[in-house]
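J.: Attaching a predicted model along with its sequence, questions to come.
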Amino acid sequence: MSQQLLGTIPHYSPLFKPLPRLYAKFEKISVICRAPKEAVRRVLPAPFRYVSDVIEVFVYKCPEVHDLAVPEAPTRSYLESGIVLQAGIDDVTGGHVAYEYVTTDDALAPGREIFGYPKKLADVDWVVDGPAVTSRTVRRDQTLIDIAFTEAPVSFEKPVLQPRLQIKRIPRADGMGYDAHQVVLNTLGKWDLFETRTGTAKVTLGGTRAMDPLFELGPLEVLGAEKIRAEFELTYARIYKDLGPSD
């Protein structure tokens, strides 16, 4: 492949490879919660409309990520956590990732630069103890997400959280507004679900008012939780609406 890899930066020796990307041996814990309505409304950015007070707090591990456009590239791994709110625009209902944390820079960069995901670097762990999994997300010595999941037969309704609806903004170099301001609609490509285990969970949100104020979405009422094993392909997204450069 030539040195000019479309959809990546920097121009020479880019940090991440072009899509699509295969996430193999993917495991995820989703905790479905009810949050205070006004807190959800406050975090949800315009022009998205409020849908419900049901949110997802998640953590997942990606032990084997493949760059399909550059098959000779080595596989890599990382962990990720975050919070997803239901959101809508026009007649589309999906999920808006309000907070997102990853453990590597090559997972952070494409998420922010291509899709507008609010990814930040953090320490995320995944500890298995029989039917239980615990995970803690820590950034700048602050615990942001603390999840304790235990397998159990639980029935609950899952919210609609796909496609992803994000706001992508690229600041101008002079600090006077944005060069790009877009609504991005992102749908997963190939998706294979291998296993689902329901369960109970405890979730604590932290942070500070100055940085990563996840706690503002509490107190949470846990409605149910699940742990899945799956495989999926991440492809490029659709620019749903170009809001134009802003001042």
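T.: Structure's in. What do you need?
J.: pLDDT averaged over the longest strand that the chain contains, what's the number?
T.: Looking only at the chain and at elements set by DSSP state E, the strand with the highest residue count is strand 49-67. Rounded to a whole number, the mean pLDDT of strand 49-67 is 97.
J.: For that strand, which residues meet the burial criterion?
T.: Within strand 49-67, the residues that count as buried by 16 or more other CB atoms under 10 Å are 51-62, 65-67. Any C-beta I mention is one placed from the backbone N, CA and C, and that applies to glycine too.
J.: Likewise for stretch 113-122?
T.: The neighbour-count check on stretch 113-122 (16+ other CB under 10 Å) flags E113, I114, F115, G116, Y117, P118, K119, K120, A122 as buried.
J.: So which of the residues you listed are in helices?
T.: Among these, DSSP state H puts none in helices.
J.: Give me the contact list for stretch 12-22.
T.: Contact with stretch 12-22 is made by 3, 5-9, 65-70, 73, 105-106, 109-110, 114, 189, 231-236, as judged by CB atoms under 8 Å, 6 or more residues apart in numbering.
J.: Quick one: buried ones out of the residues you listed?
T.: By neighbour count, with 16+ other CB under 10 Å, those hold 5, 8, 65-69, 106, 109-110, 114, 232-234 as buried.
J.: Going by distance to F194, which of these wins?
T.: Minimum distance to F194 across the buried ones among the contacts of stretch 12-22 is 11.0 Å, recorded for F232 (CB to CB).
J.: Ignoring the adjacent residues along the chain, who's closest to the closest one?
T.: Once its chain neighbours are removed from consideration, F232 has its nearest residue in W191; the separation is 4.7 Å (CB to CB, 6 or more residues apart in numbering).
J.: Contacts only, for the one you found.
T.: Shown in contact with W191 (CB under 8 Å, 6+ apart): A230, E231, F232, E233.
J.: Among those residues, name the ones in strands.
T.: Checking the contacts of W191 against DSSP E, those in strands are A230, E231, F232, E233.
J.: Tell me which two of these sit farthest apart.
T.: The most widely separated members of the ones in strands among the contacts of W191 are A230 and E233, with 11.1 Å between them, by CB to CB.
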